[in-house]
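Peer 1: structure for the following, please:
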Amino acid sequence: MEEKINTLLKSNALEILKAYSVNSEKDSLSLTAKVNSVDRKRVTVVYTGLFSGAGAAHPINVFFTNTVDMSLAKDIRLTDYADPNLLAEYIRSDGCQLYDASPELTEALIPYFDQTHLETYAKMFQKADFPMEAPSSGHTPAFPESFSYEDHGTIIVSIPVPHSLGDFALIKYTPETK
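Peer 2: Numbers count the residues shown, from 1 in each chain. The predicted structure is shown next:
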């Protein structure tokens, strides 16, 4: 089982190379992987870093996660522990809390969240995390736009935002209080 889990973690981590079409001769991708939590039930890895494409005006901040069920060697998705529709409503509510954001950044992000439709967030959260959806109708699977992990009962969810706002924002969500 350990070999299956390690293979799954490695495979998912390397998907970033395809997602950003990384050219190893021209581009730069630096990632840090942090095992956020591990127990008998699951392991969660958080990846952060920078991607600089050849000729790009600026590097892109990268964030993604992978949570794996240790007994099944299977990815755990946001939909396994949260309702995408309720989470979408939460992000557009006055009670939305950001994770690890300065007051200035929070002030800039909250109005940005209101510009995105509830349905857009709900669809994004439905497809959050690994595994990527199987290709359909000739389409290739897309790297998820949103990633999540659970930390002591609080769910941390990433959503894409413009580069001027940091490329991604992290939301704190506790389902039982919503």
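Peer 1: tell me the residue furthest from the middle of the chain?
Peer 2: Going by CA atoms, centre = their mean, the residue of the chain most distant from its centre is residue 25, 26.7 Å out.
Peer 1: can you give me the pLDDT of residue 91?
Peer 2: For residue 91, the model assigns a pLDDT of 95.
Peer 1: residues contacting the residue nearest to it when sequence neighbours are not counted?
Peer 2: Residue nearest to residue 91 in three dimensions, not counting chain neighbours: residue 113, with 5.3 Å by CB to CB, 6 or more residues apart in numbering. Any C-beta I mention is one placed from the backbone N, CA and C, and that applies to glycine too. Going by CB atoms under 8 Å, 6 or more residues apart in numbering, residue 113 touches 91-92, 96, 159.
Peer 1: again with residue 36
Peer 2: Counted by CB under 8 Å, 6+ apart, residue 36 has contacts 44-46, 65, 149, 151.
Peer 1: on the three-state scheme, residue 145 is what?
Peer 2: The local conformation at residue 145, judged by DSSP: H, G, I helix; E, B strand; the rest coil, is coil.
Peer 1: poorly predicted segments of this protein, please.
Peer 2: Counting by pLDDT under 70, the chain contains low-confidence residues at 133-141, 176-178.
Peer 1: if we can go back for a sec, buried ones only from the contacts of residue 113, please, as a PyMOL command.
Peer 2: Selection of buried members from the contacts of residue 113 for PyMOL, criterion 16 or more other CB atoms under 10 Å:
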select buried, resi 91+96+159
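Peer 1: thanks a lot, catch you later.
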